[in-house]
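A.B. asks: Sequence first, then the predicted structure, then my questions.
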Amino acid sequence: MSSINQSSTSCYPPQAFLYFIDSMSGAQFTLFSHKGGPNGWKVAIVLEELGLTYDTKFLDFQSGEHKAEPHTKYNPNGRIPTLIDHKNGDFVLWESNAIITYLVDTYDKEHKISAADTKDKYLQLQWLFFQASGQGPYFGQFMWFNRMHPEKIPSAIERYANETKRVLGVLEAVLSKQEWLVGNKFSVADISFIPWNDIAIEYILGESFDFAKEYPSVAAWHAKLGERATVKKIRADKKVAMAA
């Protein structure tokens, strides 16, 4: 359902950029994202699950495109993802889990991937908040200090390694007792954890880390999520984007 634009928009002046957005391929949504950033990809999985059409614009972080106009006209925080719903008055929303909540509240009336019961809706929000406040920041900081920071700071690496494992431990404690995070069904609560777990397995935890041994329930859940056609498609799209 997606159209991926591999090129940067920085060569366009703001007026041309705005026209470009308004006259795109006819997709319902424009998704501003980053090739390697996990948060844009989880929104893409939700859009795919709901069969919604979207055009992805990858911003060039090295040139600071995400922190400059015209993107900051849409997202004053200068981060990704940012979503524009062209069929709802060009409604603009940022923060990935706010976007996900909007998408299911607006376009998942049959609750295919979202909670229907009132209590389950709050449990769904609980997990989306936990993903945004726990998994994302701690996994991201571990990634930064372990692999990207210009100097090694052992105390920082140790702190965020322990926090990463703590978050996985929370998931393990729950998933050892139930198949899915909310309402005995696959939902956006589960989807929200996929991209950062992918990065943790591939880059953060290291080759010596035995995911299936340390966190067997989380590993089994993550493998099951990876069997979904939408997740396979988005992982393939990410590989194409990263290679371009």
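C.D. replies: Alright, I've got the coordinates.
A.B. asks: what domains does the record give for this protein?
C.D. replies: Per the record, the chain has its domains at 2-111, 118-230, by automatic domain parsing.
A.B. asks: what ranges do the strands span in this structure?
C.D. replies: Secondary structure of the chain by DSSP state E: the strands cover 2-5, 29-33, 54-58, 82-85, 91-94.
A.B. asks: Averaged pLDDT, the first one. What do you get?
C.D. replies: This means strand 2-5. The average of the pLDDT scores along strand 2-5 is 60.
A.B. asks: now swap in the fourth one and tell me
C.D. replies: Computed over strand 82-85, the mean pLDDT rounds to 96.
A.B. asks: Mean pLDDT lowest where, among the domains of the chain?
C.D. replies: Per-stretch mean pLDDT for the domains of the chain is lowest at domain 2-111 (a mean of 83).
A.B. asks: ok so, going back, now the strands of the chain in a markdown table, with distance to Lys119?
C.D. replies: All C-beta atoms are positioned from the backbone trio N, CA, C, and that covers glycine. Supplementary listing: the strands of the chain in a markdown table, determined by distance: least, CB to CB, whole Å:
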| stretch | distance to Lys119 |
| --- | --- |
| strand 2-5 | 33 |
| strand 29-33 | 30 |
| strand 54-58 | 31 |
| strand 82-85 | 28 |
| strand 91-94 | 25 |
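A.B. asks: mind giving me JSON lines with these and columns for distance to Arg235 and mean neighbour count?
C.D. replies: Shown next, in JSON lines, are these (distance: least, CB to CB, whole Å; neighbours: other CB atoms under 10 Å):
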{"stretch": "strand 2-5", "distance to Arg235": "13", "mean neighbour count": "17"}
{"stretch": "strand 29-33", "distance to Arg235": "14", "mean neighbour count": "25"}
{"stretch": "strand 54-58", "distance to Arg235": "14", "mean neighbour count": "24"}
{"stretch": "strand 82-85", "distance to Arg235": "20", "mean neighbour count": "24"}
{"stretch": "strand 91-94", "distance to Arg235": "24", "mean neighbour count": "16"}
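A.B. asks: Can you name the residues that contact His86?
C.D. replies: His86 sits next to Asp22, Ala27, Gln28, Phe29, Thr30 when contact means CB atoms under 8 Å, 6 or more residues apart in numbering.
A.B. asks: What of Gly78?
C.D. replies: Shown in contact with Gly78 (CB under 8 Å, 6+ apart): His66, Lys67, Ala68, His71, Thr72.
A.B. asks: hmm, 10 Å instead?
C.D. replies: For Gly78, the contacting residues are Leu59, Gly64, Glu65, His66, Lys67, Ala68, His71, Thr72, Trp94, by CB atoms under 10 Å, 6 or more residues apart in numbering.
A.B. asks: what residues are up against the fifth one?
C.D. replies: Meaning Lys67. Going by CB under 10 Å, 6+ apart, Lys67 touches Leu59, Phe61, Asn75, Asn77, Gly78, Arg79.
A.B. asks: Provide a ChimeraX selection command restricted to the buried entries of those residues.
C.D. replies: ChimeraX command restricting these to the buried ones, with burial defined by 16 or more other CB atoms under 10 Å:
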select :59,75,79
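A.B. asks: ok, the contacts of Lys67 vs Thr106, which is closest?
C.D. replies: Taking CB to CB as the measure, Asn75 is the one of those closest to Thr106, at 19.2 Å.
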